[in-house]
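In: predicted model and sequence below, questions to follow.
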Amino acid sequence: MRLKNIIKVLVVVLFTNTAISQEGLPIYTDYLTDNYYLIHPSMAGAANCAKVRLTARQQWFGHEDAPKLLTMSLNSRIGDTPSAIGGILYSDKNGYHSQTGAYATYAHHLMFSRSEADLNMLSFGLSAGFIQYKLDETTFLFDGPDPIISGVVQAETNFNIDFGFSYHFLDYYAHGTVKNVLKNSGINNDIEITSNLRRYLLSVGGVFGKYGSSWSYEPSVMFQYKDGTGESSMDFNAKVYREMDFGQLWGGLSYRRSLDGAEFITDSGAIDSQKLQQITPLVGVNYKNFMFAYTYTYQSNSVVFTNGGFHQFTLGYNFNCRRSRYDCNCPAVNY
């Protein structure tokens, strides 16, 4: 019975996007909280305001050394030029594993519109940075010498780059990004999944609303594929916006579904399988130049580490804002 429970825990750890260390900046649903720059470098400076975003994510409350993530990002246009810059700092800790990273971004935006009445913009972005991985083996228990366990804090720092594009046309958009383009050794350079962190992302969506209405609606989809492990997943998202005198209220729902299953042994000895399923409601408010958002992620699989959810808070501030130039429902650009 104990072996079966161990196998179940391994299934949860290996096949949820919430507990995998050494993968670069983890991709959750915080990009939906007005934070597409976190995953798509081409979105640096795409908006009419310079943006600062702080996020804090805590998983599995009540469990020691549960995964937690802190990020800080800043992006802005360079004056009135089509060029933009950005930067990301993050710290991700998961039990004995931890990683810290810093990225710098350059983006360029090409306008094809004949006037500012219509939005037709193609953007390219390149991020370059360093990731430091750590594995604390000082508290590992083992009997006698072990060639795998060194009993020290192992650390490795690697350089990597992300590259991507974005295309905005009126109320519609598409983003494509390749993250962690370069292979790196990490800590366990003899294991393929720790050296090949390349990930492909594709996002498409649009914003719909009646002319003159204070309500608008945004469905979107994001596909991601991990090259090293061959895993893939889809996010199906829906957001709603309400214009207010003080700013904007918004909320939404995201559903993440893995396209790859994991097998495990049930208590009866049968072999079963499951796919990652996560449901994330989100809510936020834009008050003048400030933004606050909260997301809660619930994993709906039958075999999970804990029934506790994953909480994330986002605080943002916009500055150096230009006027909303485009006649479109495009909150990622006009705000």
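Out: That came through fine.
In: list the contacts for Phe246?
Out: Tyr287, Lys288 (Cβ atoms under 8 Å, 6 or more residues apart in numbering). No exception for glycine: its C-beta is placed from N, CA and C like everyone else's.
In: how far away is it from Asn286?
Out: 9 Å (Cβ to Cβ, to the nearest Å).
In: so who does the nearest residue to Met244 once chain neighbours are set aside touch?
Out: Ranked by Cβ to Cβ, 6 or more residues apart in numbering and with sequence neighbours excluded, the top spatial neighbour of Met244 is Ser214, at 7.8 Å. By Cβ under 8 Å, 6+ apart, the contact set of Ser214 is Arg242, Glu243, Met244.
In: for Asn237, same thing?
Out: By Cβ under 8 Å, 6+ apart, the neighbours of Asn237 are Thr29, Leu32, Gly205, Glu218, Pro219, Ser220, Val221, Met222, Gly252, Leu253, Ser254, Tyr255.
In: right, and the first one touches Thr297 too?
Out: Yes. Under the criterion of Cβ atoms under 8 Å, Thr29 makes contact with Thr297 at 6.8 Å.
In: show me what the strand ranked longest in the chain is packed against.
Out: Assignment by DSSP state E gives strand 247-265 as the longest strand of the chain. Packed against strand 247-265 by the contact rule (3 or more Cβ pairs under 8 Å, 6 or more residues apart in numbering; DSSP states H and E) you find helix 2-15, strand 232-243, strand 271-287.
In: which parts of that strand are buried?
Out: Gln248, Leu249, Trp250, Gly251, Gly252, Ser254, Arg256, Ser258, Ala262, Phe264 (16 or more other Cβ atoms under 10 Å).
In: ok, so of these, who is nearest Val152?
Out: For those, the closest approach to Val152 (Cβ to Cβ) belongs to Ala262, at 32.1 Å.
In: ranges for the helices of this protein?
Out: 2-15, 192-195, 331-334 (DSSP state H).
In: mind listing residues that contact the last one?
Out: Contacts of helix 331-334 from elsewhere in the structure, counted by Cβ under 8 Å, 6+ apart, are 34, 36, 43, 46-48, 119, 121, 168, 173, 207, 216, 218, 241, 248, 250, 324-326, 328.
In: Tyr296: neighbour count?
Out: 14 (other Cβ atoms under 10 Å).
In: show me what contacts the closest residue to it other than its chain neighbours?
Out: Sequence neighbours aside, Gly309 is the residue nearest to Tyr296 in space, at 5.3 Å (criterion: Cβ to Cβ, 6+ apart). Going by Cβ under 8 Å, 6+ apart, Gly309 touches Tyr296, Thr297, Tyr298, Gln299.
In: the helices and strands packed on strand 247-265: lowest mean pLDDT?
Out: Least confidently modelled of those is helix 2-15, at a mean of 39 by mean pLDDT.
In: am I right that Glu218 is in contact with Ala238?
Out: Yes. Using Cβ under 8 Å, Glu218 is in contact with Ala238, at 7.3 Å.
In: these two - which one has more neighbours?
Out: Neighbours were counted for Glu218 and for Ala238 using other Cβ under 10 Å; Glu218 has more, 23 against 15.
In: spit out the contact partners of the more buried one.
Out: Contact analysis of Glu218 by Cβ under 8 Å, 6+ apart lists Gly205, Gly206, Val207, Phe208, Asn237, Ala238, Lys239, Val240, Tyr241, Gly252, Asn329, Pro331.
In: just send those residues back as a markdown table, with distance to Pro281 too.
Out: Shown next, in a markdown table, are the contacts of Glu218 (distance: Cβ to Cβ, whole Å):
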| residue | distance to Pro281 |
| --- | --- |
| Gly205 | 18 |
| Gly206 | 21 |
| Val207 | 19 |
| Phe208 | 21 |
| Asn237 | 11 |
| Ala238 | 11 |
| Lys239 | 11 |
| Val240 | 12 |
| Tyr241 | 15 |
| Gly252 | 7 |
| Asn329 | 22 |
| Pro331 | 19 |
